[in-house]
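Asks: Structure of the sequence below:
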Amino acid sequence: MKKTLAVVLSAVMVSGLALSGCGGNSASATTAAPKETTTAAPAETKKEETKGEEAKGEAPAGEQVTITISNWLEAEEATSAIFKELLDDFMAANPDIRVESQAIPFNQYKDQVLIAGTSGNAADVIMGNSQMMSAFNGAGILAELDDLASKEVLDDIYPGYLSGTTYDGKVKALSWAPHPIAMYYNKDLFTKAGLDPEKAPATWDEMTEAARAIAKLGKDEAGNTLYGLGIPTGKVAHTGTVFNGIFYTYGGHFVDENGNVDLNNEGNVEALTWIKQLVDEKVIPAGLEIKDLRGLFASGQIGIIFDGDMGRSAFRSSSGLGEEFDKKMGIAVIPTGKTGRSETVYTEHQLGVFAKSEHKEAAVRLVEYLIGKDAMVKYHKSNAVLSARKSIATLPEMNEDSFMEVFNKQSETASPLPATNAMFDNAMNEVTKAIERIVVNNEDIKTVLEETNKTIKEMYGQ
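Replies: Numbers count the residues shown, from 1 in each chain. Alright, predicted model coming up:
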């Protein structure tokens, strides 16, 4: 643990962040300073004796405790209002608990939480994504939730999602909003390119040719360059994260069946050869992050883009058209590639509790409320997020249209990110650098992969 913690801290100031479905449309926000908390170990609690009374939101002896939750949702335009509303709803139902939000911009989030956590001043509830939680766990700042969270809630989470928040047999966070990546396409550009706007590409080759046809349109009426496909190649860890799904499409992988880093394989070489070719043909714009690509898609300058279920809300907001943008947008599962199946990955929002929090019971109550029925249905109505809980995911309110049907279908083949190592996010930064070396600097693919493989293996201690 000491070795892992030291490695994590040494990388804090240079690490990037990854999140499919987040990090775009950021509103200008002031980052709240971490709340000062004592670093003393919390007293032993008697959960079973008090849980029933606490679940009713009754304040003991009229007292009120204050807890904090770190997040990036309040710092982003697409989620700020709904997140504040959810916290207000919780406080109304639990008058014995006051919640203070620590809004941190997405690109600063992981570093700030790690710094606060290792100095003993993290928020009581820590939001994260799949990659971040692995780093937070590696730094030892997450509490074990096996006995704190209710058995009813734990049993209701889909096993695949629960396994993604379990480390060494201990539950360290709870899944909040899983985000499988699917395919969006612009129907107007399909029509202009002579493609059927009501028929999404079913295979990888069909998608590639459709993207080429759209790119051949050249420019729009305003003189803006049109691109066929938006794949992140910008300098953030999200680029490497998304590319795991493309590796899988070509039969490649980031780690082998034994968990060892294995980048220089045939499938990965094919995947990188494909993207290099399309960047050279100007079918894919080079050097852009997901937030940039979302903006281009929303403005009608990209024909096809891969994004999570929260993408629709981002596109509606960025386009300025609101729900009217849906008329321009098609949605489908990722086309089948070399493996013969729709290969993609998912990330998810997760909620953990700070290991040194003095109010773990109250913190867990907030976590369980946010992943509960009332909050999830409201969050879904606002941002079309999915639920990791079986009893909620199957509700009619969560499956109201073809958009949600596609994402539920995509969930069947979505693979978890190989993010079990605390340095995964940093590893994805290295993969992003490798992609840049290949598509921008024109370096040899196999040489770059071999060098990157060595770097990450050393990072992982393999």
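
Asks: Quick check: residue 170 vs residue 146, distance?
Replies: Separation of residue 170 from residue 146 (Cβ to Cβ, to the nearest Å): 6 Å. No exception for glycine: its C-beta is placed from N, CA and C like everyone else's.

Asks: Tell me if residue 351 really is in a strand.
Replies: Yes: assessed by DSSP: H, G, I helix; E, B strand; the rest coil, residue 351 belongs to a strand.

Asks: leaving aside the residues next to it on the chain, what's closest to it?
Replies: residue 367 (4.5 Å; Cβ to Cβ, 6 or more residues apart in numbering).

Asks: Tell me how many other residues crowd the one you found.
Replies: 26 (other Cβ atoms under 10 Å).

Asks: Now do the same contact list for it.
Replies: 125, 149, 174, 351, 352, 353 (Cβ atoms under 8 Å, 6 or more residues apart in numbering).

Asks: In contact with residue 453, which residues are there?
Replies: Contacts of residue 453 by Cβ under 8 Å, 6+ apart are 261, 262, 263, 264.

Asks: Which of those ranks first by neighbour count?
Replies: residue 263 (26 neighbours).

Asks: That one and residue 435 touch, don't they?
Replies: No: counting by Cβ atoms under 8 Å, residue 263 stays clear of residue 435, with 11.2 Å between them.

Asks: Now stretch 254-270: buried residues?
Replies: 254, 255, 261, 262, 263, 264, 265, 267, 268, 269, 270 (16 or more other Cβ atoms under 10 Å).

Asks: can you give me the strands in this structure?
Replies: Using DSSP state E, the strands assigned to the chain run over residues 65-71, 97-103, 125-129, 166-167, 170-171, 174-180, 182-186, 227-230, 302-307, 329-332, 344-353, 414-416.

Asks: what bits of the chain have low per-residue confidence?
Replies: 1-62 (pLDDT under 70).

Asks: ok, now with 80
Replies: Counting by pLDDT under 80, the low-confidence segments of the chain come to 1-62, 131, 160, 408, 411-412, 416, 420, 422.

Asks: quick revisit: return a PyMOL selection command for the buried portion of the contacts of residue 367.
Replies: Buried residues among the contacts of residue 367 (16+ other Cβ under 10 Å), as a PyMOL selection:
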select buried, resi 125+149+174+351+352+353
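
Asks: Now the two most distant members of the contacts of residue 367.
Replies: Spatial extent of the contacts of residue 367 (Cβ to Cβ) is set by the pair 125 and 149 at 12.5 Å.

Asks: Touching, residue 173 and residue 163? I think so.
Replies: No: assessed by Cβ under 8 Å, residue 173 is found out of contact with residue 163, at 11.8 Å.

Asks: Compare these two (neighbour count), which wins?
Replies: Between residue 173 and residue 163, counted using other Cβ under 10 Å, the more crowded position is residue 173 (30 against 13).

Asks: contacting residues for that one?
Replies: When contacts are taken as Cβ under 8 Å, 6+ apart, residue 173 is in contact with 126, 128, 133, 137, 142, 145, 165, 350, 351, 352.

Asks: Backbone dihedrals for it, both of them.
Replies: In terms of degrees, to the nearest 10, the main-chain angles of residue 173 are phi -160, psi 170.

Asks: Against residue 350, how distant is it?
Replies: 4 Å.

Asks: Residues that sit against both of these two, list them.
Replies: Contact with both residue 173 and residue 350 is made by residues 128, 133, 165, according to Cβ under 8 Å, 6+ apart.

Asks: And those, which is closest to residue 406?
Replies: The nearest one, if we look at these relative to residue 406 and count by Cβ to Cβ, is residue 165, at 25.2 Å.

Asks: ok, how many other residues are close to that closest one?
Replies: 26.

Asks: and what of the one 3 residues further on?
Replies: Residue 168 has 8 neighbouring residues, counting by other Cβ under 10 Å.

Asks: What's the local residue count around residue 116?
Replies: Residue 116 has 22 nearby residues by other Cβ under 10 Å.

Asks: do residue 459 as well
Replies: For residue 459, the count of nearby residues is 19 (other Cβ under 10 Å).

Asks: nearest to residue 113, of the contacts of residue 173?
Replies: Nearest to residue 113 among the contacts of residue 173, with distances taken as Cβ to Cβ, is residue 126, at 6.1 Å.

Asks: OK, contacts around the closest one?
Replies: 69, 70, 113, 117, 136, 141, 142, 173, 351, 352, 353, 354 are the contacts of residue 126 under Cβ under 8 Å, 6+ apart.

Asks: Also residue 144?
Replies: Here residue 144 is in contact with 170, 171, 172 (Cβ under 8 Å, 6+ apart).

Asks: how close does the closest residue to the second one other than its chain neighbours sit to residue 101?
Replies: What that stands for is residue 171. In this structure, residue 171 finds its nearest non-sequential neighbour in residue 145, 4.6 Å apart by Cβ to Cβ, 6+ apart. For residue 145, the distance to residue 101 equals 21 Å [Cβ to Cβ].

Asks: of those two, who's got more company?
Replies: residue 145 (25 against 19).

Asks: From what I see, the more buried one and residue 166 are in contact.
Replies: No: using Cβ under 8 Å, residue 145 makes no contact with residue 166, being 9.7 Å away.

Asks: Can you work out which residues contact both of the two?
Replies: Counting by Cβ under 8 Å, 6+ apart, the residues touching both residue 145 and residue 166 are residue 172.

Asks: Contact partners for the residue nearest to residue 171?
Replies: Residue 145 touches 171, 172, 173, 174, 352, 353, 364, counting by Cβ under 8 Å, 6+ apart.

Asks: So what does it have for phi and psi?
Replies: The phi/psi pair for residue 145 (degrees, to the nearest 10) is phi -100, psi 0.

Asks: Could you check how many residues crowd around the residue lying closest to residue 190 once chain neighbours are set aside?
Replies: Spatial nearest neighbour of residue 190, chain neighbours left out: residue 197 (4.3 Å); criterion: Cβ to Cβ, 6+ apart. Neighbour count for residue 197, taken as other Cβ under 10 Å: 16.

Asks: Repeat that for the one 3 residues further on.
Replies: By other Cβ under 10 Å, the residues close to residue 200 number 22.

Asks: one step back: which among the contacts of residue 144 gets closest to residue 307?
Replies: Taking Cβ to Cβ as the measure, residue 307 lies nearest residue 172 of the contacts of residue 144, at 27.4 Å.
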